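Engineer: Next one to model:
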Amino acid sequence: MKTKTITTYKFEELNKEIQDKLIEKYINNFEVYDDWYEFIFENIEDSIKEKTGLEIEGKNLSFYFNRGCNIYFNSSEVVKALQNKYNHIEDFYLPDKFGLFSNYLGGGLNGGLCSSDYDVNRIEFEEFDEEDTLEEVIYNKNNEKIKEQIEEDLNKIQEILKKGFIDLWDEYNSYFTEDYARDSLINNEEEFDSEGNRV
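Structural biologist: Now for the predicted structure:
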């Protein structure tokens, strides 16, 4: 039996050619962590609450960017939040998914994202008991104001989702950069032989 002694190197001690190969290998084999997007979802949730007063949990958000770009909430979550904020809403028709959608990444990331369509005239309010009274007139005028406020809220949500999607896109892609790979290889404090093989 023979015992061999080899010299080991930290990543930063290897020559540039070997470093470049290790960086390329790292990028090609990297898999993002399951929860990498959670802090962005939390930021979206906080922004929606701050700018609209609506409470919609970020964990209910869905997104993907593969062949198309999509970021959306299930509409029932949005309707429930609207009903909690505005007392007299019975129902509001929205598409099943409320957010931003596209079929491709062409035209720039923002250029490909289109907002969900909706119609505030499809809001159903609770029936007013007495007809042809001053109270009913006031009730109906208030409901018209609520429709305007809801439209503002929904537009704000879509703007927040647009920013959130860009943040998600940037964060995801940051894991596949040379800088991220280099930092990870340095911080992991692994050791290599002169050919760049881990030891």
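
Engineer: Straight-line length of stretch 79-92, end to end?
Structural biologist: 6 Å (C-alpha to C-alpha, to the nearest Å).

Engineer: And that stretch, what's buried?
Structural biologist: Residues Val79, Ala81, Leu82, Lys85, Tyr86, Ile89, Phe92 are the ones in stretch 79-92 that count as buried (16 or more other C-beta atoms under 10 Å). C-beta: built from backbone N, CA, C; applies to glycine.

Engineer: What of stretch 127-144?
Structural biologist: Buried, per 16+ other C-beta under 10 Å, within stretch 127-144: Tyr139, Asn143.

Engineer: any idea of the mean pLDDT in it?
Structural biologist: For stretch 127-144, the mean pLDDT works out to 82.

Engineer: Put the alpha carbons of it into PDB.
Structural biologist: The C-alpha coordinates for stretch 127-144 follow below in PDB (Å, rounded to 0.1, in the frame of the first residue of the first chain):
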ATOM      1  CA  GLU A 127     -79.200  45.200  -2.200                       C
ATOM      2  CA  PHE A 128     -80.500  48.400  -0.500                       C
ATOM      3  CA  ASP A 129     -83.800  47.700   1.300                       C
ATOM      4  CA  GLU A 130     -85.700  50.900   0.600                       C
ATOM      5  CA  GLU A 131     -86.000  52.200  -3.000                       C
ATOM      6  CA  ASP A 132     -86.400  55.800  -4.100                       C
ATOM      7  CA  THR A 133     -85.100  57.400  -0.900                       C
ATOM      8  CA  LEU A 134     -82.300  59.800  -0.300                       C
ATOM      9  CA  GLU A 135     -80.400  57.100   1.500                       C
ATOM     10  CA  GLU A 136     -80.500  54.900  -1.600                       C
ATOM     11  CA  VAL A 137     -79.200  57.700  -3.700                       C
ATOM     12  CA  ILE A 138     -76.300  58.300  -1.300                       C
ATOM     13  CA  TYR A 139     -75.700  54.500  -1.100                       C
ATOM     14  CA  ASN A 140     -75.500  54.200  -4.900                       C
ATOM     15  CA  LYS A 141     -73.200  57.300  -5.200                       C
ATOM     16  CA  ASN A 142     -70.900  55.700  -2.500                       C
ATOM     17  CA  ASN A 143     -70.800  52.500  -4.500                       C
ATOM     18  CA  GLU A 144     -69.700  54.400  -7.600                       C
END
